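>>> I'd like to go over a predicted model; first the sequence, then the structure.
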Amino acid sequence: AKFENFGQGGVLGRYPVHFHMCGSSIGSVVSKNVITNSNQRCVFIHDTNEVTIEDNVAWNTAGHCYATETGKERNNRFLHNLGARTKKLAFWNGQSDSPNFRDNQHIVATFWVRSMMNEWAGNVAAGSQVQGFWLEMLDKNSDQLSETSFRGNVAHSNKEQGLTTYRPGWKPTNGGVFLNMKVYKNAFDGMKFHTTENLIIKDSLLADNLYSVRYGAFNGQITFQDTVIDAYSSDYYHRINGRGDCP
């Protein structure tokens, strides 16, 4: 299906696709849809468990796009979804994508993650007006579903961060793993961490970001393992110098 011009800016619960306090929803699938020009958000899972959100495309949408809303959501699967050109929300809705929500900041994330007790695999955040992935954890000591549940995700060409835990941070009690992530050509930070620890970034690539990793305050035990950090790749060099033989 195609969802065109859905969502009511500033009115909570008015989004193109919204699972609202459904509890266990085994067998529910949101797949192979296109969401364009949304006035507010894309696919929101609110106090609902065991939904599969797979192979969807969202383009030119306002506000956080794909999300778990309260941190209580469990065992949902976000697989191979694309969010491109995520824009700032024009209206106040009382949540963190509202204009000037905190400290005169106006934030928007293509993937707004409030619970890591869900699966996030093969998703792409491209060209967000602020962030690609934002872990805004309600319980910053909450754990991850499994060591492979956040894998193969991509964040590129976002105007601020590819991925961030700022704020409030994330300190999973039993540790967290970002596996096989690609983060490149973000205008400021590839990854930005704040009040974060017990985290491994493994088998990943960070390239051509202004700052590959911004290691903010109150962090500890963040490990990069078998990961390539390339500040100025040959691909980027060829592109900005007009070489015709770049791949």
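Received the coordinates, thanks. Numbers count the residues shown, from 1 in each chain.
>>> For this protein, which segments are assigned as helices?
234-240 (DSSP state H).
>>> Surely Leu82 touches Val57?
Yes: here Leu82 lies in contact with Val57, judged by CB atoms under 8 Å, at a distance of 4.8 Å. For the C-beta atoms, the positions are set from N, CA and C on the backbone; glycine is no exception.
>>> Which residue of those two possesses the greater neighbour count?
Leu82 (19 against 16; other CB atoms under 10 Å).
>>> Tell me who's in contact with the more buried one.
Neighbour list for Leu82: 56-58, 123-124, 126 [criterion: CB atoms under 8 Å, 6 or more residues apart in numbering].
>>> Name whatever forms a beta bridge with it.
Counting by DSSP bridges, Leu82 is bridged to Val57, Val124.
>>> Mind giving me the PyMOL select for the contacts of Leu82, buried ones only?
In PyMOL syntax, the buried subset of the contacts of Leu82 is picked out as below (16 or more other CB atoms under 10 Å):
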select buried, resi 56+57+58+123+124+126
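>>> Quick check: of the contacts of Leu82, which lies closest to Ser25?
Closest approach to Ser25 among the contacts of Leu82 (CB to CB): Asn56, at 16.6 Å.
>>> is it true that the closest one touches Val30?
Yes: look at Asn56 against Val30 with CB under 8 Å: they come within range, at 6.5 Å.
>>> list residues touching both of the two?
Val43.
>>> pLDDT at Asp189, what is it?
On the pLDDT scale, Asp189 is placed at 98.
>>> Equivalent analysis for the one 3 residues further on, please.
Each residue has a pLDDT score; the one for Lys192 is 97.
>>> Next, count neighbours for it.
The number of residues near Lys192, taken as other CB under 10 Å, comes to 22.
>>> list the contacts for it?
By CB under 8 Å, 6+ apart, the neighbours of Lys192 are 161, 163-166, 213-214, 216.
>>> Now restrict those residues to buried residues only.
The buried subset of the contacts of Lys192 (16+ other CB under 10 Å) comprises 161, 163-166, 213-214, 216.
>>> and of the residues you listed, the nearest to Ile35?
Leu163 (21.9 Å).
>>> I figured the closest one hits Met191, correct?
Yes: here Leu163 reaches Met191: they are 5.0 Å apart, a contact under CB under 8 Å.
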